[in-house]
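Q: Predicted model and sequence below, questions to follow.
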Amino acid sequence: MKRSIITMAALVAFAGTAFAADVIDMKKGVKFNHKAHSEALKDCTKCHAKAEGGKIEGFGKDFAHKKGCKQCHVEMKKGPTSCKDCHK
């Protein structure tokens, strides 16, 4: 019984990752590799409100350019930070 509960909890926790698209085509020629980010960060709550994933509250140009994506890349010293790096 205990093993079943642990297994079910693990499945629920990682279900969002399992069903998420590997690469997401966004506006203005931006391709976002969700699989690479989820494997590198290992914590969905760095972007999403819940560990299960889902839509990112307030996602848009300001989030990508100032609050979320670019800020994280600068802090981690990894990933694109200039316009042409994301907008192909």
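A: That came in fine, so what should we check first?
Q: Where do the strands of this protein begin and end?
A: Assignment of strands within the chain using DSSP state E yields the ranges 23-25, 31-33.
Q: Just give me the neighbour total for residue 70.
A: When neighbours are counted by other C-beta atoms under 10 Å, residue 70 registers 18. C-beta here means a position set from N, CA and C on the backbone, and glycine is covered the same way.
Q: doesn't residue 83 make contact with it?
A: No: using C-beta atoms under 8 Å, residue 70 is not in contact with residue 83, being 10.2 Å away.
Q: now residue 51: how far from residue 88?
A: Going from residue 51 to residue 88 by C-beta to C-beta, to the nearest Å gives 31 Å.
Q: What number of neighbouring residues does residue 53 come out with?
A: When neighbours are defined as other C-beta under 10 Å, residue 53 has 20 of them.
Q: Give me the pLDDT value at it.
A: Reading off the per-residue confidence, residue 53 sits at a pLDDT of 89.
Q: go on, the one 10 residues further on?
A: Looking at residue 63, its pLDDT reads 92.
Q: How about residue 88: what's its closest non-neighbour residue?
A: Computed as C-beta to C-beta, 6 or more residues apart in numbering, the closest residue to residue 88 that is not its neighbour in sequence is residue 29, at 4.8 Å.
Q: Common neighbours of residue 70 and residue 83, please.
A: Counting by C-beta atoms under 8 Å, 6 or more residues apart in numbering, residue 70 and residue 83 have no common neighbour.
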